[in-house]
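1. pasting the structure only:
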């Protein structure tokens with residue numbers, strides 16, 4: 001029996017993962033590109049939904065996990081949206097550089113409209129093993145990108161902004177109403193089958209955290 005393209009794509013998305021893939025082989029990249037190439041918008045939403053974790057505790061809105069596999073999907077989707085016709089193995093390998101096994105955590109923030117911030121505060125992001133005291137994993141690097149004006153989510157795109165996020169300068173007197181934290185964790189510090197919480201810190205004060213994130217159920 002021959003499977004339709006939609007059936008193949010659905011199988012790729014719904015088959016349970018056993019761990020996020022820190023090192024992508026040729027077959028994994030082909031599968032990521034197959035998802036990115038899909039013309040079925042609902043399948044894109046279905047794939048990406050598993051990687052978003054709501055916090056909803058001001059100023060933290062939600063966190064997104066970007067594994068190497070998802071990074072290829074996002075890069076390819078963004079490339080296609082910009083009108084590029086080709087995105088293959090070579091482009092995928094380039095997209096994984098300079099640290100192919102890194103795991104990124106995007107944290108979206110919304111500030112009180114009467115805030116006095118000039119820039120995004122020096123908030124930190126940690127991966128904390130679920131149900132265990134201590135052992136927090138610190139990112140290798142973290143970027144803090146300001147958002148001027150309200151956040152505008154593109155309802156036709158599952159990621160809340162083109163990937164990767166680009167810094168933007170304000171135009172006129174736009175207020176600083178939010179920001180994005182991009183924390184990059186080295187692959188050798190993350191258990192690909194681990195269960196974690198993303199915790200956002202302001203110095204020693206916890207601002208918010210996700211519920212359990214089971215990396216074994218992601219790719």
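-> Cool, got the structure. These numbers come from a predicted model, not from an experiment. Numbering: from 1, shown residues only.

2. could you pull out the strands for this protein?
-> For the chain, the strands defined by DSSP state E cover 52-57, 60-66, 103-110, 124-129, 141-148, 176-185, 195-202, 205-209, 213-214.

3. most neighbours per residue, which of those strands?
-> strand 103-110 (a mean of 24; mean count of other C-beta atoms under 10 Å). C-beta: built from backbone N, CA, C; applies to glycine.

4. what average pLDDT does that strand get?
-> Across strand 103-110, pLDDT averages out at 96.

5. and the contacts of it?
-> Strand 103-110 is contacted from outside by 20, 22, 58-68, 71, 120, 123, 125, 127, 139, 147, 151, 160, 165, 177-185, 187, 190, 198, 200, using C-beta atoms under 8 Å, 6 or more residues apart in numbering.

6. that strand: partners in the sheet, and parallel or antiparallel?
-> strand 60-66 (antiparallel), strand 176-185 (antiparallel) (DSSP bridges).

7. endpoints of stretch 149-161, how far apart?
-> End-to-end span of stretch 149-161 (C-alpha to C-alpha, to the nearest Å): 14 Å.

8. list the buried residues for the lengthiest helix in the chain?
-> Criterion DSSP state H: the longest helix present in the chain is helix 68-81. Buried residues in helix 68-81, counted by 16 or more other C-beta atoms under 10 Å: 68, 69, 70, 71, 72, 73, 74, 75, 76, 77, 78, 79.

9. next up, the contacts around the third one.
-> For residue 70, the contacting residues are 32, 48, 51, 218, 219, by C-beta under 8 Å, 6+ apart.

10. now with 6 Å, please.
-> Counting by C-beta atoms under 6 Å, 6 or more residues apart in numbering, residue 70 makes contact with residue 51.

11. over to the fifth one?
-> Residue 72 makes contacts with 29, 32, 92, as judged by C-beta under 6 Å, 6+ apart.

12. most surrounded residue in these?
-> In terms of neighbour count, residue 32 stands highest of the contacts of residue 72 at 26 neighbours, by other C-beta atoms under 10 Å.
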